[in-house]
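In: I would like to see how this sequence folds:
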Amino acid sequence: MGGCHRHDGCYENLRHNLYSILCCGYHDDDYCCDSCEKRHRRLIIAARIVIGILFLVSLTILIVWLVLRPTKPTFYLRDATVSQFNLSLPDNLLNAVVQVTVASHNSNGRIGVYYDRLDVSATYQDQQITAASAILPFYQGHEDINVWSPCLSGTSVPVAPYLCRALQQDEAAGILLLYLKMDGSIRWKVGSWTSGHYCLEVSCPAFFSFTSSSAGVPVLQSLHGTSCSTSV
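Out: Next up, the predicted model:
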């Protein structure tokens, strides 16, 4: 009943002996064992320091993110005018000229935005009908609003036959829906720190009504402005 398994000291001695054998073999060398134990303690301390540093860095990033709470820029299509929208049959070639006015708002109070690239084009039924117009790179400060008015044009753009039928149906209904597409690359700026590049995609619906001129030619008149969907 007084066996070794009833005493905690037996287990500790066994663990210590096994540890000594692993460190120093079967040599009874106190210096060797002490050196091994010191190395073991240093590794534990180093691991704790690394874990602590990683925890502090992660906590700092989380706190900065919660305090600043960056939000993506918002875009609004203020106005759009179609001065030319002609479809040539039977070649299925489209000529289009669209003048748009679009605004961008950076609602962040402590974060600026670098627009390194921003291309604007018009699409109809998911097909691009104008060449991309490049907006010059710029910086958007805290809570700033920027406005651009690019002129988008497409000359003899080949379109699929189903687009011809869709355009005829829209003209009969008196409503035309185009989409203003913006594709770009931005960076966030917080104090002296600047982030890496992020892809920016913006889509703005533009509604137009068909009316007839005195010569009986259909004319497109823009309707009210619209909000845009933005993804970063």
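In: in this structure, which spans are strands?
Out: 74-88, 93-105, 112-124, 127-128, 133-135, 138-140, 145-148, 151-158, 175-190, 193-194, 198-212, 218-222, 226-227, 229-231 (DSSP state E).
In: direction included, what does the last one pair up with?
Out: Just to be clear, that refers to strand 229-231. Each strand paired with strand 229-231, and its direction, by DSSP bridges: strand 198-212 (antiparallel).
In: next, the angle from the partner strand to strand 93-105.
Out: Interaxial angle of strand 198-212 relative to strand 93-105 (axes from the mean of the first three to the mean of the last three CA atoms, to 10 degrees): 120 degrees.
In: buried set for strand 198-212?
Out: Across strand 198-212, burial judged by 16 or more other CB atoms under 10 Å covers Leu200, Val202, Ser203, Cys204, Ala206, Phe208, Phe210. Every residue, glycine included, has its C-beta placed from N, CA and C.
In: wait, doesn't the last one sit right on Leu167?
Out: No - under the criterion of CB atoms under 8 Å, Phe210 is not in contact with Leu167, lying 10.5 Å apart.
In: tell me, what's touching the two both at once?
Out: Residues touching both Phe210 and Leu167 (CB atoms under 8 Å, 6 or more residues apart in numbering): Leu176.
In: domains for the chain, by residue range?
Out: 4-68, 74-231 (automatic domain parsing).
In: where among those domains is average confidence lowest?
Out: With a mean of 68, domain 4-68 has the lowest mean pLDDT of the domains of the chain.
In: ok, now which ones touch the spatially most central residue of the chain?
Out: Geometric centre of the chain, nearest residue: Val232, 2.1 Å, by CA atoms, centre = their mean. Shown in contact with Val232 (CB under 8 Å, 6+ apart): Lys72, Ile186, Tyr198, Cys199, Leu200, Glu201.
In: which one of the residues you listed is nearest Ile53?
Out: Tyr198 (27.3 Å; CB to CB).
In: OK, contacts around the closest one?
Out: Taking CB under 8 Å, 6+ apart, one finds Ser185, Ile186, Arg187, Trp188, Val232 in contact with Tyr198.
In: still on that earlier bit, including distance to Glu37, could the strands of the chain go into a markdown table?
Out: Conversion of the strands of the chain to a markdown table gives the following (distance: least, CB to CB, whole Å):
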| stretch | distance to Glu37 |
| --- | --- |
| strand 74-88 | 62 |
| strand 93-105 | 63 |
| strand 112-124 | 54 |
| strand 127-128 | 71 |
| strand 133-135 | 66 |
| strand 138-140 | 58 |
| strand 145-148 | 65 |
| strand 151-158 | 75 |
| strand 175-190 | 47 |
| strand 193-194 | 44 |
| strand 198-212 | 51 |
| strand 218-222 | 81 |
| strand 226-227 | 68 |
| strand 229-231 | 57 |
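In: out of the ones you listed, which is closest to Leu56?
Out: Of the strands of the chain, nearest to Leu56 by CB to CB is strand 193-194, at 17.5 Å.
In: what's next to that closest one, contact-wise?
Out: Tyr114, Arg187, Trp188.
In: swap in stretch 126-143?
Out: 73, 94, 96, 98, 104-123, 146, 148, 150-154, 157, 159-160, 163, 178, 181, 183-184, 189.
In: go through that stretch and flag the buried ones.
Out: Ile129, Thr130, Ser133, Ile135, Gln140.
In: from those, which single one is nearest Ala80?
Out: Once CB to CB is applied, the member of the buried residues of stretch 126-143 that ends up nearest Ala80 is Thr130, at 12.0 Å.
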